[in-house]
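Enquirer: Structure for this input, please:
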Amino acid sequence: MDFYGATPLAELPSHVTICEVGPRDGLQNEKTSIPTAVKVELIERLADAGHTIIEATSTVHPKWVPQLADAEEVLRRLDRRDGVRYPVLVPNLRGLERALDLGVTEIAVFASATESFAKANLNRTVGESLEMFAPVVARAREAGLAVRGYVSMCWGDPWEGEVAPEQVVPVAARLLELGCTELSLGDTIGVATPGRVVALLDALRHHEIRTDQLAVHFHDTYGQALANTLIALRHGITTVDASAGGLGGCPFAGSATGNLATEDLLWQLDGLGIHTGVDLGKLVETSNWLAGELGRPSPSRTVQALSK
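Expert: Model (predicted):
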């Protein structure tokens, strides 16, 4: 594998944690049913590549996300390794209880910064959805689980247009009040640009929400995901969500295209001398294998370049 050396830049962290969301967010919108064995192998390959956080699946009802209907079987078959975290997205208390019965030690809940998406995704207002999550987070924290809170539509919404920082801050603050241990700021339809990323991070900091409580989750609809990530790192973020091979989208937002590809992120971070613990070569092999299972090439530029 070609590598052209590392040159650090000032004001960047020495270490970045990658939250690998491919097995859940990356696969959830696939139209063709993917065998459980493939999902389990994907998770185990990602761990082999050095990932320490791999979002495994979701206990959402199969009616809403059919691709994840085998969540319980995936978790039963998975060889969970020491030192690797396998968070599971849960929609409600019933989903949490299913997760607890399966020995899950970390969960995520999925909130929205906008009323339109809260209605489309959860069939509730923003306020109603946050109150629905209150007992979920409380029960999870009581059981000793870490809880990640996703905040979707942080910069734009397909129905409402631009989303101002003032609209995101109360949702983020409420999730932390409920007991979430981390927040992931989602650019669900990929419309953010670096200045707007900084504006939101500054607004959150102004309201005493620390950057070490935050992660970023960018989609690459307009090719801005890496630029947005770099500016977020320069403003204190050290956890970045990404999806192997750039897979992903949102079944409830038709304009949401692929996630930031983990390989593209790694090429940038490796070139900056930022440690992640993830082996790019092994990850490229994994994404090529997965592309074969899905019957189409990976959209990741780095996977394409290193596979020639």
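Enquirer: How about Val40: what's its closest non-neighbour residue?
Expert: Distances taken as C-beta to C-beta, 6 or more residues apart in numbering place Arg77 nearest to Val40, at 4.8 Å, with adjacent residues excluded. Using the backbone N, CA and C atoms, a C-beta is placed for each residue, glycine as well.
Enquirer: Kindly provide the distance from that neighbour to Thr59.
Expert: Arg77 sits 16 Å away from Thr59, going by C-beta to C-beta, to the nearest Å.
Enquirer: Repeat that for Ala227.
Expert: Using C-beta to C-beta, one gets 34 Å for the distance from Ala227 to Thr59.
Enquirer: So these two - more neighbours on which side?
Expert: Neighbour totals were compared for Ala227 and Thr59, and Thr59 leads with 24 against 16 (other C-beta atoms under 10 Å).
Enquirer: Need the per-residue pLDDT for that one.
Expert: With respect to pLDDT, Thr59 scores 97.
Enquirer: same check, this time on Ala173
Expert: 98.
Enquirer: Quick one: list the elements packing against the helix or strand that contains it.
Expert: Ala173 is part of helix 165-178 when elements are defined by DSSP states H and E. Helix 165-178 sits against strand 106-112, helix 126-142, strand 146-152, strand 182-187, helix 194-206, with contacts defined as 3 or more C-beta pairs under 8 Å, 6 or more residues apart in numbering; DSSP states H and E.
Enquirer: swap the cut-off to 6 Å and go again
Expert: If contacts are counted by 3 or more C-beta pairs under 6 Å, 6 or more residues apart in numbering; DSSP states H and E, helix 165-178 sits against helix 126-142, strand 146-152, helix 194-206.
Enquirer: Buried residues in the first one, which are they?
Expert: Just to be clear, that refers to helix 126-142. Within helix 126-142, the residues that count as buried by 16 or more other C-beta atoms under 10 Å are Val126, Ser129, Leu130, Met132, Phe133, Val136, Val137, Arg139, Ala140, Arg141.
Enquirer: pLDDT and distance to Leu201 for the residues you listed - can I get that in JSON lines?
Expert: Formatted as JSON lines, the buried residues of helix 126-142 follow (pLDDT from 0 to 100; distance: C-beta to C-beta, whole Å):
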{"residue": "Val126", "pLDDT": "97", "distance to Leu201": "21"}
{"residue": "Ser129", "pLDDT": "96", "distance to Leu201": "23"}
{"residue": "Leu130", "pLDDT": "97", "distance to Leu201": "21"}
{"residue": "Met132", "pLDDT": "96", "distance to Leu201": "27"}
{"residue": "Phe133", "pLDDT": "97", "distance to Leu201": "23"}
{"residue": "Val136", "pLDDT": "98", "distance to Leu201": "27"}
{"residue": "Val137", "pLDDT": "98", "distance to Leu201": "23"}
{"residue": "Arg139", "pLDDT": "98", "distance to Leu201": "31"}
{"residue": "Ala140", "pLDDT": "98", "distance to Leu201": "26"}
{"residue": "Arg141", "pLDDT": "98", "distance to Leu201": "26"}
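Enquirer: Can you add distance to Glu293 and give the residues you listed back as JSON lines?
Expert: Formatted as JSON lines, the buried residues of helix 126-142 follow (distance: C-beta to C-beta, whole Å):
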{"residue": "Val126", "distance to Glu293": "37"}
{"residue": "Ser129", "distance to Glu293": "34"}
{"residue": "Leu130", "distance to Glu293": "37"}
{"residue": "Met132", "distance to Glu293": "35"}
{"residue": "Phe133", "distance to Glu293": "34"}
{"residue": "Val136", "distance to Glu293": "33"}
{"residue": "Val137", "distance to Glu293": "35"}
{"residue": "Arg139", "distance to Glu293": "36"}
{"residue": "Ala140", "distance to Glu293": "32"}
{"residue": "Arg141", "distance to Glu293": "37"}
